[in-house]
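*Asks:* Next comes the sequence, and after it the predicted model I'd like to discuss.
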Amino acid sequence: MFLLRHHEFESQAEAWSLPFVLEGLCAGFPSPADDHLEPDINLLELLIPNKPATFLWRVDGHSMTDAGIYHGDILIVDRSLTPRHGDVVVAVVNGERSLKRLLLDGPRPRLALENREFPAFAIPEAAEVEIWGVVRCNVHWLRGRR
Amino acid sequence: MTVFALIDGNSFYCSCERVFDPTLAKRPVIVLSNGDGCAVARTPEAKALGIRMGQPWFQMRDLCRTHKVAVLSSNYALYGDMSARMNEVYRLFSPAIEVYSIDESFLDLSGLGGTDLVTHARELRATVRQWTGIPTCVGVGPTKTLAKLANWVAKHDPERGGVCDFRDEAARLPVMAKIPVTEVWGMGSASVGKLEALGCRTAADLARLDPALARRLLTVVGERIVWELRGTSCLPLEEVAPQRKGCAVTRNFAGRVEDLPTLQEAVAAHTARLAEKLRHHGLATDALTVFFHTSTHDQGPQHAASRTVTLPEATNDTLALIRAARAAVAAIWRPGHRYSKAGVMTMSLIRAEDAAPPLFDGLDRERSARLMGALDAVNARWGRGTLLPASTGLKRPWATRFEHRSPRYTTRLDELPRARA
């Protein structure tokens, strides 16, 4: 009657949380840790403190590897952050969406690449630049997901 | 005094697209309806080219090519997500909000007595713009109708910087004298015709109308509008959406459908979606209207068919509703016609827990609830359409195409916006 469309069910692991509550399992003495139980660590709150302003972006290219940002990584971009000197930002340069390091220590704002093998990127005088959002952090898997 | 604000997104769907695709910033942009039927959103540049709301796509294809208009299929996953984000921001600026539509919300600002509300509204606009990228306009007024009218002024008068305050009567009356009565919230074309006969042409004219006369002419609804335009609030904020009275799923086909099995398959798929919607809202129905028709733009024989079937008991069971819908299609289908659109709708909704069981041969409700629960759970976890009744088809050649749809930037991991590095 029902057809299961072919999807790969690889993410079947149950959601986990810390710390584990043992109280219900103890047949003998109650756990001495129960009185010291703390709320779970909420990773989402840490990474995405302002949800309506936060967007995920995908890194496309190798020009930021010296900053620890690799092709295929997922960026957590928070548009509510005011750009500061040294921030990694999603910048729109002449209509292209790109990832750059924002430098505000000179007479004019500059956007820098972070890969020693790439020539430095200088913004032409006439370029139209808009900071789309500040990258709050980068999601990079150390063990391949596929 | 009550104070309401109405905030809405400027060319909302188009603005959503522009947030993620900067190449659209300076081009005229339009968004087409479900199935690429007609224009449902236009940027000011597109309006300036003479593209009308609801204009069929095939009529403007050449115009769009000549003027390099960016034409996009509707991307409701994106618009819905952006709308939710905007409403989250609104909640930081107002203790109570009413989500009126996907791009409009009423805010209750009554409690913010000491605050400078115009500054407050400007900060709201600026925050929404910064956080979500969507430009908005805000209208402020002592009633919802005046807030909506003020919003219209904020949209049409660039001098106002996107905010218009209609709280002060002396300040708003001269402005209202220039607003055609058609722009007043709730004024249908029939009402406008009756008012014209009385020489009542502007919002200010309507505010001056004798409420008793308005009631005779336009029923109690019209009288309420007059009071609201005078500054007496009659329409409270509705924080909880009223129960839906009807529900429909209708789609244009990708091409034309002639044979009965394909037509049944399409209607079954629409019905499955309808049942899903009913369950989501905790509703059930005991009558289903199935319809399909040919296109008036086609040559050949024309046929528009519609049939309402009643079910022995109100239900939201996908399989029971599909059985009823398929039978209805078979009863009214005619060979030799090229159908262009089909839909299912229901106007008799009740809360699922109020559904009375029939005397004989009722559905096994416990079994149905478990099966539907499992179906919804699987689809919620692995994506809509993972688990579906075979009668709704697998290849779905009829399914509407979204030929120009942009990526679902905010809801799909494999469609995230890409930053060149």
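*Replies:* The structure has been received and is ready for your questions.
*Asks:* Which positions in the strand ranked longest in chain A come out as buried?
*Replies:* Across chain A, the longest stretch assigned as strand under DSSP state E is strand A:129-139. Residues of strand A:129-139 classed as buried: A:129, A:131-136, A:138 (neighbour count, 16 or more other Cβ atoms under 10 Å in any protein chain shown). In short, each C-beta sits where N, CA and C put it, glycine included.
*Asks:* for stretch A:109-118, same thing?
*Replies:* Result for stretch A:109-118 [16+ other Cβ under 10 Å]: buried residues A:110-115.
*Asks:* swap in stretch B:395-404?
*Replies:* Here stretch B:395-404 shows B:398, B:400, B:402, B:404 as buried, counting by 16+ other Cβ under 10 Å.
*Asks:* Of the residues you listed, just say which sits nearest to residue B:326.
*Replies:* residue B:398 (14.8 Å; Cβ to Cβ).
*Asks:* Quick check: phi and psi on residue B:234?
*Replies:* For residue B:234, the backbone dihedrals (degrees, to the nearest 10) come out as phi -110, psi -20.
*Asks:* so how far is chain A from residue B:49?
*Replies:* 21 Å (Cβ to the nearest Cβ, to the nearest Å).
*Asks:* cool, residue B:152 as well?
*Replies:* Taking Cβ to the nearest Cβ, one finds residue B:152 at 26 Å from chain A.
*Asks:* Let me see the contact set for that residue.
*Replies:* Shown in contact with residue B:152 (Cβ atoms under 8 Å, 6 or more residues apart in numbering or on different chains): B:139, B:179, B:183.
*Asks:* Which single one of those is nearest to chain A?
*Replies:* residue B:139 (22.1 Å; Cβ to the nearest Cβ).
*Asks:* bridging residues for that closest one?
*Replies:* Following DSSP bridges, residue B:139 is listed with bridge partners residue B:6, residue B:164.
*Asks:* That one touches residue B:157, doesn't it?
*Replies:* No: between residue B:139 and residue B:157 there is no contact under Cβ atoms under 8 Å: 11.3 Å.
*Asks:* Can you give me the neighbour number for residue 102?
*Replies:* I went with chain A, as the question did not name one. Other residues near residue A:102 come to 20 when the count uses other Cβ atoms under 10 Å in any protein chain shown.
*Asks:* try chain B instead
*Replies:* Residue B:102, neighbours per other Cβ under 10 Å, totals 17.
*Asks:* Ok, residue B:39 next?
*Replies:* The burial count for residue B:39: 23, using other Cβ under 10 Å.
*Asks:* partners of the helix or strand containing it, with directions?
*Replies:* Using DSSP states H and E, residue B:39 maps to strand B:39-42. Here strand B:39-42 is paired, per DSSP bridges, with strand B:29-32 (antiparallel).
*Asks:* Export the strand it pairs with to PDB, keeping only CA atoms.
*Replies:* In PDB, the C-alpha atoms belonging to strand B:29-32 read as follows (Å, rounded to 0.1, in the frame of the first residue of the first chain):
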ATOM      1  CA  VAL B  29      12.000  41.000 -10.500                       C
ATOM      2  CA  ILE B  30       8.700  39.200 -10.600                       C
ATOM      3  CA  VAL B  31       7.600  36.000  -8.800                       C
ATOM      4  CA  LEU B  32       5.000  33.700 -10.400                       C
END
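*Asks:* what's the offset of that strand from the middle of its chain?
*Replies:* Mean C-alpha position of strand B:29-32 versus that of the full chain (Cα atoms, centre = their mean, to the nearest Å) differs by 16 Å.
*Asks:* Can you give the contact residues for that strand?
*Replies:* By Cβ under 8 Å, 6+ apart, strand B:29-32 touches B:11, B:13-14, B:17-18, B:38-43, B:45-46, B:51, B:57, B:64, B:69-75, B:404.
*Asks:* Do a quick rundown of the strands in chain A.
*Replies:* A:2-4, A:54-60, A:74-78, A:88-93, A:96-103, A:110-112, A:129-139.
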